[in-house]
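Participant: Quick one, what's the 3D model for this:
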Amino acid sequence: MASPFSTFSLMQTMSKTEGIKKVVALTFVDNIAGNVTKHIFHRDQKANLASFRLQLHPALIACQKLGYQIEIWSLHNSHPEHLEEIKNVDLCIVGKISTNREQLANEFTMINLAFLARLKRQQVPILLIYSDHHCCKKDTIGYFYKVIVGLANAIVCPTKRLVKELKSYASENITYHQIEDSWHFDETNDLEWEPKINHINLLWFGATSNIQYLIDAFPKLILSVN
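Facilitator: Now for the predicted structure:
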């Protein structure tokens, strides 16, 4: 999901399935249920998740450039009436829907799966943006994504390795696309810097689920300074 241009190319490919006029995107905002298009789509108001800014937002901009109408929905189990408000869907894009809290996972799992199952019966194409390997988990989120992968027509991943790992959970007729995230860089096994300082000023930017990578680097960080 490196830029709107790479996503735009993908959407041009999908537009060959003719007849697409309205695209519905699924995300999750924990404190807002329903149509959240106006709340999060504009640059000064959109969701603070990097996955939205780097992945779903460029995809929806591409949809607009192709002339599609877009809607973004945050579905909550407590508001099943919203299922009846989403009409005339020609393509569904599933953005990142996850949480570290099991209680919140239970709040969105069943209604999103019910909606996607309905689209599948109506033969509406489903495009899944899959950037975290949730399928290998044995919790609610893992179950949630295993079902979505089974319903999807096309899946976008940022790496070849993720595509490879995902294939054991998906059907053979799924189309895969790799679009790198814009922050990707060449892999390195060594942290390199000049140990000429007496202390380290460290800014950590990341989710708590990723803190282990920082913890693993701490021994070398400590030994690099006086």
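Participant: Check which element follows the lowest-mean-pLDDT helix or strand in the chain along the chain.
Facilitator: Evaluated with mean pLDDT, DSSP states H and E, the helix-and-strand set of the chain has its lowest mean pLDDT in helix 4-14, which scores a mean of 51. Stepping forward along the backbone from helix 4-14, the first helix or strand reached (DSSP states H and E) is strand 22-27.
Participant: Which residues does that next one contact?
Facilitator: Contacting residues not belonging to strand 22-27 are listed as 36, 40, 47, 52, 56, 59-60, 63, 68-75, 86, 88-97, 112, 115-116 [Cβ atoms under 8 Å, 6 or more residues apart in numbering]. The C-beta positions use only the backbone N, C-alpha and C, and glycine is treated the same way.
Participant: which among the residues you listed end up buried?
Facilitator: Buried subset of the contacts of strand 22-27 (neighbour count, 16 or more other Cβ atoms under 10 Å): 36, 40, 47, 52, 56, 59-60, 63, 68, 70-75, 86, 89-97, 112, 115-116.
Participant: Identify those among those that sit within strands.
Facilitator: Under the assignment DSSP state E, the buried ones among the contacts of strand 22-27 contribute 70-74, 91-94 to strands.
Participant: Which members of those residues are the farthest-apart pair?
Facilitator: 74 and 91 (18.2 Å; Cβ to Cβ).
Participant: got any ranges where the protein has weak pLDDT?
Facilitator: Within the chain, the stretches with pLDDT under 70 are 1-18, 42-49, 182-197.
Participant: how far away is the residue nearest the centre of it from residue 221?
Facilitator: Central residue check for the chain by Cα atoms, centre = their mean: the C-alpha nearest the mean position is that of residue 96, 2.8 Å away. Summarising the geometry, the distance separating residue 96 from residue 221, computed by Cβ to Cβ, to the nearest Å, is 30 Å.
Participant: repeat for residue 54
Facilitator: Taking Cβ to Cβ as the measure, residue 54 falls 27 Å from residue 221.
Participant: same thing with residue 203?
Facilitator: With distances taken as Cβ to Cβ, residue 203 is found 13 Å from residue 221.
Participant: For these two, indicate the residue with more neighbours.
Facilitator: The neighbour count for residue 203 versus residue 221, taken as other Cβ atoms under 10 Å, is higher for residue 221 (13 against 4).
Participant: in what helix or strand does the more buried one lie?
Facilitator: For residue 221, the element it lies in under DSSP H and E is helix 211-223.
Participant: residues in contact with that helix?
Facilitator: Outside helix 211-223, the residues that reach it (Cβ under 8 Å, 6+ apart) are 191, 200, 202, 204, 206.
Participant: so which two of those residues are the farthest from each other?
Facilitator: Taking Cβ to Cβ as the measure, these span a maximum distance of 16.8 Å, between 200 and 206.
Participant: Contacts for the longest helix that the chain contains next, please.
Facilitator: With residue count as the measure and DSSP state H as the assignment, the chain has helix 102-121 as its longest helix. By Cβ under 8 Å, 6+ apart, the surrounding residues in contact with helix 102-121 are 26, 28, 30, 74-80, 82-83, 86, 89, 92, 94, 97-99, 126, 139-141, 143-144, 147-148, 151.
Participant: roughly how far is that helix from the heart of the chain?
Facilitator: Put simply, helix 102-121 sits 15 Å off its chain's centre (Cα atoms, centre = their mean, to the nearest Å).
Participant: so what strands line up beside the next helix or strand after it?
Facilitator: Toward the C-terminus, helix 102-121 is succeeded by strand 126-129 as the next helix or strand (DSSP H and E). Each strand that pairs with strand 126-129, with its direction, by DSSP bridges: strand 91-94 (parallel), strand 154-157 (parallel).
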